[in-house]
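Trainee: Below are the sequence and a predicted model; questions follow.
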Amino acid sequence: MDPRTVSSNVSTSQTISPDGLRYKKCDPHKEESKLSASVHVGDENPFHFFRVFYESVIAGATAGVVVEAALYPIDTIKTRLQAARGGGKEILKGLYSGLGGNLAGVLPASAIFLGVYEPAKQKLLKAFPENMSAFAHLTAGALGGAASSLVRVPTEVVKQRMQTGQFASAPAAVRLIVAKEGFKGLYAGYGSFLLRDLPFDAIQFCIYEQLRIGYKLAAQRDLNDPENAILGAFAGAITGAVTTPLDVIKTRLMVQGSAKQYKGIFDCVRTIVKEEGTHALLKGIGPRVLWIGLGGSIFFGVLEKTKQMLAERRPENQKSFSFKQN
């Protein structure tokens with residue numbers, strides 16, 4: 001995800017009107033207990049899991065596509081900065097190169113991520129005590145990232161090869177990569193991708209969820225749309241900054257193709273530091289933080305709004321079932 005890349009809580013599924021719920025005074029601990037009870041009741045319904053999965057898939061796919069289409073040029077600039085050896089010049093042509101093929105992969109990847117994350121989060125929150133909610137969010141984020149990586153890695157490989165000018169179209173990229181490198185070429189840098197994205201997904205979603213808990217405790221009410229977006233931006237920017245070195249390594253391994261300048265993750269790190277200095281591991285940090293910060297704002301904002309809309313469309317007899325809060 002990069003802002004792929006990459007959920008949260010639906011609190012508007014109560015029978016109260018959305019506006020009334022959004023600004024009503026509340027005790028977060030009491031709300032937690034009420035919502036836990038409602039999820040328990042929902043779990044007895046055989047359709048509860050499928051409803052949660054369905055709504056998460058729709059919300060995740062919508063948020064992923066919107067953020068990717070909106071911020072793709074920034075991602076292209078970041079990729080070119082990181083792929084350039086020895087500080088090559090930034091190229092501003094073709095900033096939307098590979099967007100169509102990338103969206104075709106982002107949509108199912110985002111859907112898979114949220115489809116795994118939300119049900120896993122609910123189960124883990126019920127299994128662990130309240131003071132371990134951060135662990136539940138971290139674990140659910142990592143599980144979602146691992147599941148979606150099966151789609152995200154080939155998408156990322158094709159996207160970054162096109163962004164660096166190696167191919168003119170996604171179908172041509174797939175065909176030539178498989179012809180020259182075999183099917184495994186589509187999973188080039190898979191290990192480095194997991195090294196970056198599993199902690200990225202876990203940290204970003206954990207920060208976002210924990211910020212929401214703290215905000216609700218301070219404000220004594222549920223969040224509105226701008227507040228969700230601001231917290232998403234903050235979580236994305238922090239996570240993007242601290243994972244930049246991992247992103248540089250992943251980019252170099254994915255774009256090297258059959259040339260094989262690097263033999264693996266550790267060889268990549270050693271070669272970059274030796275030839276370009278340690279500062280090269282922070283290449284593209286500006287565009288990355290900007291991209292993921294804005295992406296987090298858009299992603300979580302769209303995600304929460306989509307979940308709210310889906311909750312409001314439920315039949316009346318299902319509106320008492322809600323996502324477990326945080």
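Mentor: Okay, I see it. All of these numbers come straight from a predicted model, not from anything done at the bench.
Trainee: number of nearby residues for the closest residue to residue 187 other than its chain neighbours?
Mentor: Closest residue in space to residue 187, ignoring its immediate chain neighbours: residue 153 at 5.3 Å, by CB to CB, 6 or more residues apart in numbering. Where C-beta positions appear, they are placed from N, C-alpha and C, glycine not excepted. Residues contacting residue 153 under the criterion other CB atoms under 10 Å number 23.
Trainee: element containing residue 153?
Mentor: helix 133-163 (DSSP states H and E).
Trainee: Which neighbouring elements make contact with the helix or strand just after that helix?
Mentor: Next along the chain after helix 133-163, taking DSSP H and E as the criterion, comes helix 170-181. Contacts defined by 3 or more CB pairs under 8 Å, 6 or more residues apart in numbering; DSSP states H and E place helix 170-181 against helix 99-127, helix 133-163.
Trainee: which parts of the longest one are buried?
Mentor: What it means is helix 133-163. 133, 136-145, 147-149, 151-163 (16 or more other CB atoms under 10 Å).
Trainee: With the shortest one instead?
Mentor: The neighbour-count criterion (16+ other CB under 10 Å) identifies 99, 101-103, 105-125 as the buried residues of helix 99-127.
Trainee: Likewise for stretch 196-216?
Mentor: 196-213, 215-216.
Trainee: what about the chain, any weak spots by pLDDT?
Mentor: 1-47, 85-92, 316-326 (pLDDT under 70).
Trainee: 50 - rerun?
Mentor: Within the chain, the ranges that satisfy pLDDT under 50 run 1-44, 87, 320-325.
Trainee: Show me what the lengthiest helix in it packs onto, helices and strands only.
Mentor: In the chain, with assignment by DSSP state H, the single longest helix is helix 48-83. On a contact count with 3+ CB pairs under 8 Å, 6+ apart, helix 48-83 meets helix 99-127, helix 133-163, helix 244-255, helix 285-312.
Trainee: Now tabulate those helices in CSV and tack on distance to residue 63.
Mentor: Output for the helices and strands packed on helix 48-83, formatted as CSV (distance: least, CB to CB, whole Å):
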stretch, distance to residue 63
helix 99-127, 6
helix 133-163, 13
helix 244-255, 21
helix 285-312, 4
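Trainee: Looking at these, which is nearest to residue 226?
Mentor: Nearest of the helices and strands packed on helix 48-83 to residue 226, taken as CB to CB: helix 285-312 at 7.9 Å.
Trainee: Specify the angle between the closest one and helix 99-127 in degrees.
Mentor: 70 degrees (axes from the mean of the first three to the mean of the last three CA atoms, to 10 degrees).
Trainee: Which secondary structure elements does helix 285-312 sit against?
Mentor: So helix 285-312, by 3+ CB pairs under 8 Å, 6+ apart, packs with helix 48-83, helix 190-219, helix 225-242, helix 244-255.
Trainee: any idea which of these is most buried?
Mentor: Across the helices and strands packed on helix 285-312, averaging neighbours per residue (mean count of other CB atoms under 10 Å) puts helix 244-255 on top, at a mean of 24.
Trainee: Could you give the separation of that helix from the chain centroid?
Mentor: Remark: helix 244-255 is offset 17 Å from the chain centroid, using CA atoms, centre = their mean, to the nearest Å.
Trainee: picking up where we left off before, check contacts around the residue nearest to residue 187.
Mentor: The contact partners of residue 153, taken as CB atoms under 8 Å, 6 or more residues apart in numbering, are 186, 187, 189, 190, 193.
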